[in-house]
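Asker: sequence and predicted structure below; questions after.
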Amino acid sequence: MFSFGSRLAGALLVLMWAATAHAATLRIGSWDHASRDMLSLTSEAVLARAYAELKQPVEFVDLPIRRAMTMLLAEELDGNVYRVAELAAQQPTLYRVETPINMTEVRVYALDSRARPANWSQLGDLRVGYLRGVLLIERNLTSTVRRVEANSQADMFRMLQRNMIDVALAVEPAQSPPHPTAVASGIQRLDSVLAQTPLHHYLLARHRDIGVRLNTVLQRMQVSGELDAIRARVLRQLH
């Protein structure tokens, strides 16, 4: 004969299973899939693994980077794959998952070896191409820079080849090899790193409970080295 406690525990297990089985899919804004963007794809791989452990279905929606933010703030998406840490202070309707899912570097690409800026100020009055909507770049460019926005990284590298810009700025996973599209086009990545910053996954504030549980999983993955292993595997596949 089963005790009341065992019957209650069984009922709770059934309820937990039912909640998981019917969990609504989270729609997460991502970007630049067509260019096989290293930062987006490595970040998605990390999140896919972490959400799978929570048995929480997710869908990564490929959008222009600015539209992904606009749709998130309008609550037409449940999250964005990554954003900089500072966004949380500016947007109280969003929830930042505390464990970074990636570390990004701003790298400089050029065809002309004479253009070798080592920091933001050395960009001077160069024509600088970058992916539209990347706040990490937009907020650091000086007023003298001639800004040229690109719709994708592939578009940005095409502009560099056609002499429409002097240098291209790309956000990439830290310590990653040069972008394969640039390498195939004979474009050089310079040694300088203009910025390095952690990136965080963002959800709508109403998904805070999911975000807290996700952070616990990401913390464990970080300590075990699984985060680094996933990112390294994806980078190998892309190259």
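Answerer: On my side now, so go ahead. All of these numbers come straight from a predicted model, not from anything done at the bench. Numbers count the residues shown, from 1 in each chain.
Asker: for the residue most central in space within the chain, list the residues it contacts.
Answerer: Nearest to the mean C-alpha position of the chain, by C-alpha atoms, centre = their mean, lies Y82 at 3.7 Å. Each residue near Y82 by C-beta atoms under 8 Å, 6 or more residues apart in numbering is listed here: L39, S40, S43, I101, N102, L199, H200, H201, Y202. For every residue, glycine as well, the C-beta is placed using N, CA and C.
Asker: the first one contacts A174, correct?
Answerer: Right, the one you point to is L39. No - counting by C-beta atoms under 8 Å, L39 stays clear of A174, with 9.8 Å between them.
Asker: joint contacts of the two?
Answerer: Both L39 and A174 are in contact with N102, T104, where contact means C-beta under 8 Å, 6+ apart.
Asker: looking at these two, which is more packed in?
Answerer: Using other C-beta atoms under 10 Å, the more surrounded residue of L39 and A174 is L39, with 26 against 15.
Asker: next helix or strand past the helix or strand hosting the more buried one?
Answerer: L39 belongs to helix 38-54 when assigned by DSSP states H and E. Note on helix 38-54: by DSSP H and E, the next helix or strand toward the C-terminus is strand 58-62.
Asker: so what's the gap between the helix or strand following that next one and the chain middle?
Answerer: Once strand 58-62 ends, the next helix or strand along the chain (criterion: DSSP H and E) is helix 65-73. Put simply, helix 65-73 sits 13 Å off its chain's centre (C-alpha atoms, centre = their mean, to the nearest Å).
Asker: what angle sits between helix 65-73 and helix 38-54?
Answerer: Using axes from the mean of the first three to the mean of the last three C-alpha atoms, to 10 degrees, the inter-axis angle of helix 65-73 relative to helix 38-54 is 30 degrees.
Asker: return the set of buried residues in stretch 67-87.
Answerer: Across stretch 67-87, burial judged by 16 or more other C-beta atoms under 10 Å covers 67-69, 71-72, 77-84.
Asker: no, scratch that, I was asking about stretch 145-155
Answerer: Under 16+ other C-beta under 10 Å, the buried positions of stretch 145-155 are V145, V148, E149, A150, S152, Q153, A154, D155.
Asker: put the alpha carbons of it into PDB.
Answerer: Extracted as PDB, the C-alpha positions of stretch 145-155 are listed here (Å, rounded to 0.1, in the frame of the first residue of the first chain):
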ATOM      1  CA  VAL A 145      35.300  57.800 -38.900                       C
ATOM      2  CA  ARG A 146      33.400  57.500 -42.100                       C
ATOM      3  CA  ARG A 147      30.900  54.800 -41.200                       C
ATOM      4  CA  VAL A 148      29.600  52.300 -43.700                       C
ATOM      5  CA  GLU A 149      27.000  49.800 -42.500                       C
ATOM      6  CA  ALA A 150      26.800  46.300 -44.000                       C
ATOM      7  CA  ASN A 151      23.800  43.900 -44.000                       C
ATOM      8  CA  SER A 152      26.000  40.800 -43.400                       C
ATOM      9  CA  GLN A 153      29.700  39.900 -42.900                       C
ATOM     10  CA  ALA A 154      29.700  38.600 -46.500                       C
ATOM     11  CA  ASP A 155      28.500  42.000 -47.700                       C
END
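Asker: right, I'll leave it there.
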